[in-house]
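Chemist: Fold the following.
(chains A and B)
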Amino acid sequence: MSVSSVSAKSALVAPAVLLVLALGGVVWALPQGLPPWRSLAIVSAWAGTGLLVGSLVLMIRAPRLAGLFGGLDEQYRWHHRGGALAYVLLLVHPLALAVNAWSESPIRAWQVLAPWAQGWPVWLGWVGLVLLMAGLVTTFSVKLPYRRWRAFHYSLGAGVILGLVHVWALLGELGPLWVFLLLALAALGWRLGGVDLGIAAHPYRVRSVTPRAQRMIEAVLEPCGARMVVAPGQFVFAAFGNGPHFHGCGEFHPFTVSAIGADGSLGVGIKALGPCSQHIQALEPGVLVRLEGPFGRFLADRHSAPQLWIAGGIGITPFIASLRRERLVHPLTLIYLYRSTQDAAYLDELHALAAAEPLLELITQAAAGPPADLEAVLGAVSQVKERIAQLCGPVPLIDAARAALERLGLPAASIHFERFDFR
Amino acid sequence: MRKLFIFATLLFWLAVAGFWMLSVLAPDALDTPLPEAATTERQWSTADVARHHTADDCWMIIDGQVYDFSAYVPEHPSNPALFIPWCGKEATEAYLTKTRGRAHSPYADSLLLQYRIGVLR
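Modeler: Model (predicted):
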């Protein structure tokens, strides 16, 4: 899921972490009196190492950290950018060393690159680089099944650690490298144990399961211990365990909260979008669930001005959570688009809510993809320019609605959106 | 970023392949004894070597050969504090084991040649 709006201050935290780590390494190892290409090799190596370690830190999934970095989506965006830039810089490192040796002879340049002409400290560097390469190949393979994708993604972490040991072995001492090594190990340990194995997760239990649409259920989860404080619009990562007739896939997947009960219970809407969420359609009461979160800032400014909400399919989930939980304080127009009535979750409930809430105007429409008359529908909304638009749904709908709203004169700062593209 | 990754990776392996091809095509200069080493085989005493014991003027004795590493000191990958104490000294054991039982690489062995200035008397 990605959310559009991030405060200016929070948006700077993640790049600042990357910059400090990259510059920290470069300043410590700043070459003096060395040939230019060798200097470039050293600077690119240390900047790349700092960025890689920063990228690992930005991989940690924790609500407070995500809040500090301006949201999980913003954090992950910089995790990707930092990792990709680090990779390019680390490719420059061996090539610059080879160019440096070129002044002596082409054979010497090749010897710098050929692992068999080098010792094990350099082999470690090569293995680390190849692991980064393999890990990134799979990172960019969007068609790879999630479980396999995640396993390959760990090779990136192994690549970083091998790279750090490579530097350690070459330096002959740990020096300030211990900061990088400690950060990398802590980040990997937290991610593996705390996040992926769910050691830090909140235990919940499935209280009820209700089919809400074709290939979509809503599960109500009750806390087994401390309850999470969740606001409408937020999402959680959930890993479903086993029940009498149900065996969970054990993976954490993000689900938007659809209901927030006064007793601490949470509803989550689960659409069959992949193998695991398809499997969860057979969920039954009593199953233990581990929850991480909450994350996200979507709908954070729902009380600040008249609202225009646009939902596409399963994108109705954050909106129903808000409508169930709170009375409206500003006029709200909710446009709900779905493929067919079989796919339209919460339709009857929304009509009932609209009948009981005078500030709520509900517009529903069946459409396969963004409707051709979307701009006309949006243009018919009263005082559209004064509203805050909140969009949640598939990417084509979000893009079409954003473009139409901007054409209608709504400032970009007043358009917030959430789409589903987590990896 | 996907395009950046593909472009950078392809360029990297092309460059590596280029270095290999050019090394194959290049004359086999490294196997030829250095003219200076062959013609001006000077002999040095341990006292001679001991006079060159600083980072700017750094000689060492390795396996009976005398090397002037003054130009190489800034290029050595490890912390200078580990390298410089061996300037002006017999450093064979340090070179062969890095003081911890780890040998230098074949690449490092080949680099030695260009810093050789004679033999121990």
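Chemist: State the pLDDT value of the closest residue to A:His245 other than its chain neighbours.
Modeler: Using CB to CB, 6 or more residues apart in numbering or on different chains and skipping the chain neighbours, the partner closest in space to A:His245 is A:Glu284 (6.0 Å). (Glycine included, C-beta is placed from N, CA and C.) Here the pLDDT value assigned to A:Glu284 is 93.
Chemist: how close does A:Glu284 sit to A:Met216?
Modeler: Distance, A:Glu284 to A:Met216, by CB to CB, to the nearest Å: 16 Å.
Chemist: list the contacts for the residue lying closest to B:Tyr107 once chain neighbours are set aside?
Modeler: The shortest distance from B:Tyr107 to any non-neighbouring residue, by CB to CB, 6+ apart, is to A:Ala117 (4.4 Å). By CB atoms under 8 Å, 6 or more residues apart in numbering or on different chains, the contact list for A:Ala117 reads A:111, B:105-107, B:110.
Chemist: Closest one of these to A:Asp196?
Modeler: Minimum distance to A:Asp196 across the contacts of A:Ala117 is 37.5 Å, recorded for B:Ser105 (CB to CB).
Chemist: quick one: the closest one and A:Trp116 touch, right?
Modeler: No - counting by CB atoms under 8 Å, B:Ser105 does not reach A:Trp116; the two are 9.4 Å apart.
Chemist: the more surrounded of the two?
Modeler: Regarding B:Ser105 and A:Trp116, a neighbour count based on other CB atoms under 10 Å in any protein chain shown identifies B:Ser105 as having more, with 19 against 9.
Chemist: can you give me phi and psi for the more buried one?
Modeler: phi -80, psi 160 (degrees, to the nearest 10).
Chemist: again with A:Thr364
Modeler: According to degrees, to the nearest 10, A:Thr364 has phi -120, psi 150.
Chemist: try B:Ile62
Modeler: Dihedral angles (degrees, to the nearest 10) for B:Ile62: phi -130, psi 120.
Chemist: can you tell me which residues contact it?
Modeler: Neighbours of B:Ile62 in contact, by CB under 8 Å, 6+ apart: B:91-92, B:95, B:112.
Chemist: returning to that earlier point: per-residue pLDDT of the residue nearest to B:Tyr107, please?
Modeler: 77.
Chemist: any idea how far B:Gly18 is from it?
Modeler: Distance of A:Ala117 to B:Gly18, given as CB to CB: 17 Å.
Chemist: For A:Cys276, see how far away A:Gln214 is.
Modeler: In this view, A:Gln214 and A:Cys276 are 18 Å apart by CB to CB.
Chemist: These two - which one has more neighbours?
Modeler: A:Cys276 (20 against 14).
Chemist: would that one count as being in a helix?
Modeler: Yes - applying DSSP: H, G, I helix; E, B strand; the rest coil, one finds A:Cys276 inside a helix.
Chemist: Now for chain B, the helix or strand with the poorest mean pLDDT.
Modeler: Using mean pLDDT, DSSP states H and E, the weakest-scoring helix or strand in chain B turns out to be helix B:35-39, at a mean of 48.
Chemist: Which helix or strand lies directly C-terminal to it?
Modeler: Next along the chain after helix B:35-39, taking DSSP states H and E as the criterion, comes strand B:43-44.
Chemist: tell me the mean pLDDT for the next helix or strand along the chain from that following strand?
Modeler: For strand B:43-44, the succeeding helix or strand toward the C-terminus, using DSSP H and E, is helix B:46-50. Averaged across helix B:46-50, the pLDDT comes to 91.
Chemist: Just the residues contacting helix B:46-50, thanks.
Modeler: Taking CB under 8 Å, 6+ apart as the rule, helix B:46-50 contacts B:59-61, B:66, B:88-90, B:120.
Chemist: Let me know the average pLDDT across stretch A:193-204.
Modeler: Average pLDDT, stretch A:193-204: 83.
Chemist: mind checking how far it is from the chain centre?
Modeler: For stretch A:193-204, the separation from the chain centroid amounts to 17 Å (computed by CA atoms, centre = their mean, to the nearest Å).
Chemist: Tell me where the chain has helices.
Modeler: I'll assume chain A. For chain A, the helices defined by DSSP state H occupy A:8-28, A:36-57, A:63-68, A:72-102, A:106-113, A:120-139, A:146-171, A:177-189, A:275-279, A:317-325, A:347-356, A:374-379, A:395-407.
Chemist: looking at chain B here, not the other one
Modeler: Taking DSSP H as the criterion, chain B carries its helices at B:2-25, B:35-39, B:46-50, B:80-83, B:92-97, B:106-112.
Chemist: okay, these in CSV with mean neighbour count next?
Modeler: Converted to CSV, the helices of chain B look like this (neighbours: other CB atoms under 10 Å in any protein chain shown):
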stretch, mean neighbour count
helix B:2-25, 14
helix B:35-39, 11
helix B:46-50, 16
helix B:80-83, 14
helix B:92-97, 15
helix B:106-112, 16
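Chemist: weakest of the ones you listed in terms of mean pLDDT?
Modeler: When the helices of chain B are compared by mean pLDDT, helix B:35-39 comes last with a mean of 48.
Chemist: Measure how buried the residue nearest to A:Pro275 when sequence neighbours are not counted is and give me the count.
Modeler: Nearest residue to A:Pro275 in three dimensions, chain neighbours excluded: A:Pro145, at 6.9 Å (CB to CB, 6+ apart). A:Pro145 has 12 neighbours, counted by other CB under 10 Å.
Chemist: Next one: A:Cys392 from A:Leu266, what distance?
Modeler: Taking CB to CB, one finds A:Cys392 at 18 Å from A:Leu266.
Chemist: I figured A:Ala231 was touching A:Leu299, is that so?
Modeler: Yes - applying CB under 8 Å, one finds A:Ala231 in contact with A:Leu299, separated by 7.5 Å.
Chemist: Flag every residue of the stretch 151-300 of chain A that's near chain B.
Modeler: Within the stretch 151-300 of chain A, the positions lying close to chain B (CB under 8 Å from any CB of the partner chain) are A:170-173, A:175.
Chemist: switch to 10 Å and redo it
Modeler: A:167, A:169-173, A:175 (CB under 10 Å from any CB of the partner chain).
Chemist: Now tabulate these in a markdown table and tack on neighbour count, distance to A:Arg290 and pLDDT.
Modeler: As requested, these are exported to a markdown table (neighbours: other CB atoms under 10 Å in any protein chain shown; distance: CB to CB, whole Å; pLDDT from 0 to 100):
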| residue | neighbour count | distance to A:Arg290 | pLDDT |
| --- | --- | --- | --- |
| A:Val167 | 23 | 37 | 87 |
| A:Ala169 | 19 | 39 | 81 |
| A:Leu170 | 17 | 42 | 79 |
| A:Leu171 | 17 | 41 | 77 |
| A:Gly172 | 19 | 44 | 72 |
| A:Glu173 | 11 | 42 | 75 |
| A:Gly175 | 15 | 40 | 76 |
